[in-house]
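> 3D, please:
(chains A, B, C and D)
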There are 2 protein chains.
Amino acid sequence: MEKLKDITFYTMDKAIRTYRNFAQKKLKENGYKITIDQWLIIKAILENPGISQQELGEKVFKDNASVTRIIELLVKSDYLEREVNQNDRRKSNLKVTTEGKSIIDKVQTLVLENRKTALTGISFEDLEIMNRTLKTIIENCH
Amino acid sequence: MEKLKDITFYTMDKAIRTYRNFAQKKLKENGYKITIDQWLIIKAILENPGISQQELGEKVFKDNASVTRIIELLVKSDYLEREVNQNDRRKSNLKVTTEGKSIIDKVQTLVLENRKTALTGISFEDLEIMNRTLKTIIENCH
DNA sequence: TATCAATATTTGATATATCAAATAAATATT
DNA sequence: AATATTTATTTGATATATCAAATATTGATA
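Purely as a prediction, here's the structure:
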């Protein structure tokens, strides 16, 4: 029977979780009251103004239900504002507040540092190969 | 501002989730009433008889609290039995039931198929590089 | 031996993931 | 226009993740 440590998917899982924990801890250490996922959602809205929740979910690879709930919390934290979309009343217009923009800016530096730390000692070529490989896996599992 | 799709960690996250969803769907399609995480825990117990919950958590990289709750559900599903450890009454002895062994056996084939599908078209070298890279990330984030 | 410190597990609170069902609004069909 | 279908979002139920606090037990020490 194969050992767990030899399983690629186990290593993938462990790596992404180790990174998430690491990044989340850094956020907390620096007093930022935001989760990685919340940061991701705000960032996606900033990069895609007028995006719907559904598109948002596709963008950050999250379930509609998760998006709904993350947005609720972001509104509660005053990082987001939502209004009913007048063209299609099923949708809502999501706007990042000043406070939301501000925390994204502040956190940005930290995130770049975290990534740098996490990728220390990895060559550009290896990183490219990993990215390509991960993308192949994503394709294969569709 | 960098685009999300260019972010390595985002791709890692997406890849592992795509694989998990894919694998979980296959389990469901075949009528197996077990989650990937439950499968992982049972497998780790089979491979490490007498393992404590804490060691189990380290092995599969899960929080103690998560392990407790997954085990509760496994006991409820009759895949696991637990007794108080007489040497150390804080611990419990975890035993995989006949039914538990049976489902692991049956699911095993499916899991191997899933992995094969997910890794189609990826060279051994690239896979090795990815594994090495992931392990470096894990080290860097400790 | 009574007390203190360390260890293993559980529990509570909160966030996210997933699926299915429910709502609500828009669009198509008759 | 009334009805049916499709689409976007929400809600409920259940599983997992994370942290902190609570429990229970063991081991060490005064």
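> mind checking how far the one residue sitting closest to the centre of chain A is from residue B:66?
What sits nearest the mean C-alpha location of chain A, by CA atoms, centre = their mean, is residue A:40, with 3.3 Å. Remark: distance between residue A:40 and residue B:66 (CB to CB, to the nearest Å) = 22 Å. To be clear about C-beta, it is placed using only N, CA and C from the backbone, and glycine gets the same treatment.
> before we move on, what about residue A:95?
According to CB to CB, residue A:95 and residue B:66 sit 36 Å apart.
> do residue A:101 as well
Separation of residue A:101 from residue B:66 (CB to CB) stands at 35 Å.
> same deal with residue A:81?
35 Å.
> next: residue A:133.
28 Å.
> and the two? which has more neighbours close in?
For the pair residue A:133 and residue B:66, the greater number of neighbours falls to residue A:133 (24 against 14), based on other CB atoms under 10 Å in any protein chain shown.
> how about the more buried one, what does it touch?
B:122, B:126-127, B:129-130 (CB atoms under 8 Å, 6 or more residues apart in numbering or on different chains).
> can you check residue A:69 too?
Residue A:69 neighbours (CB under 8 Å, 6+ apart): none.
> tell me if the host helix or strand of it is near DNA strand D.
Using DSSP states H and E, residue A:69 sits in helix A:64-76. Yes - using CB under 7 Å from any atom of the strand, helix A:64-76 reaches DNA strand D at A:64-65, A:67-69, A:71.
> what parts of chain A come near DNA strand C?
A:35, A:37-38, A:62-66, A:69-70, A:73, A:87-90.
> one more time with 10 Å
A:20, A:24, A:33-41, A:57, A:60-74, A:76-77, A:84-91 (CB under 10 Å from any atom of the strand).
> buried among the residues you listed? Make that a PyMOL selection.
Those of those that count as buried under 16 or more other CB atoms under 10 Å in any protein chain shown are selected in PyMOL with:
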select buried, chain A and resi 20+24+34+35+36+37+38+39+40+41+57+60+61+62+67+70+71+74+91
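> doesn't residue A:93 belong to a strand?
Yes - looking at residue A:93 with DSSP: H, G, I helix; E, B strand; the rest coil, it is inside a strand.
> right, and it touches residue A:87 too?
No - checked against CB atoms under 8 Å, the pair residue A:93 and residue A:87 is beyond contact range at 9.6 Å.
> if we can go back for a sec, which ones are touching the closest residue to the residue nearest to the centre of chain A other than its chain neighbours?
Nearest residue to residue A:40, sequence neighbours excluded (CB to CB, 6 or more residues apart in numbering or on different chains): residue A:60, at 5.2 Å. Contact partners of residue A:60, counting by CB under 8 Å, 6+ apart, are A:37, A:40-41, A:44, A:67, B:4, B:10.
> out of the residues you listed, who's nearest residue A:118?
Proximity of the contacts of residue A:60 to residue A:118 (CB to CB) peaks at residue B:10, which lies at 12.8 Å.
> got a list of contacts for the host helix or strand of that closest one?
Assigned by DSSP H and E, residue B:10 belongs to helix B:8-29. Identification of contacts with helix B:8-29 by CB under 8 Å, 6+ apart yields A:9, A:12-13, A:15-16, A:19, A:40, A:60-61, A:115, A:118-119, A:127, A:130-131, A:134-135, A:137-138, A:141-142, B:4-5, B:34-36, B:39, B:107, B:110-111, B:113-114, B:117-118, B:134.
> drop anything exposed from these.
A:9, A:12-13, A:15-16, A:19, A:40, A:60-61, A:115, A:118-119, A:130-131, A:134, A:137-138, A:141, B:4, B:34-36, B:39, B:107, B:110-111, B:114, B:118, B:134.
> so where is chain A shaky, pLDDT-wise?
Low-confidence segments of chain A, defined by pLDDT under 70, are located at A:1-6.
> recalculate using a threshold of 50.
A:1 (pLDDT under 50).
> pretty sure residue A:51 sits in a strand.
No - per three-state DSSP, residue A:51 lies outside any strand segment and is coil.
> grab the nearest non-local neighbour of it.
residue A:45 (6.1 Å).
> in which helix or strand would I find that neighbour?
helix A:36-47.
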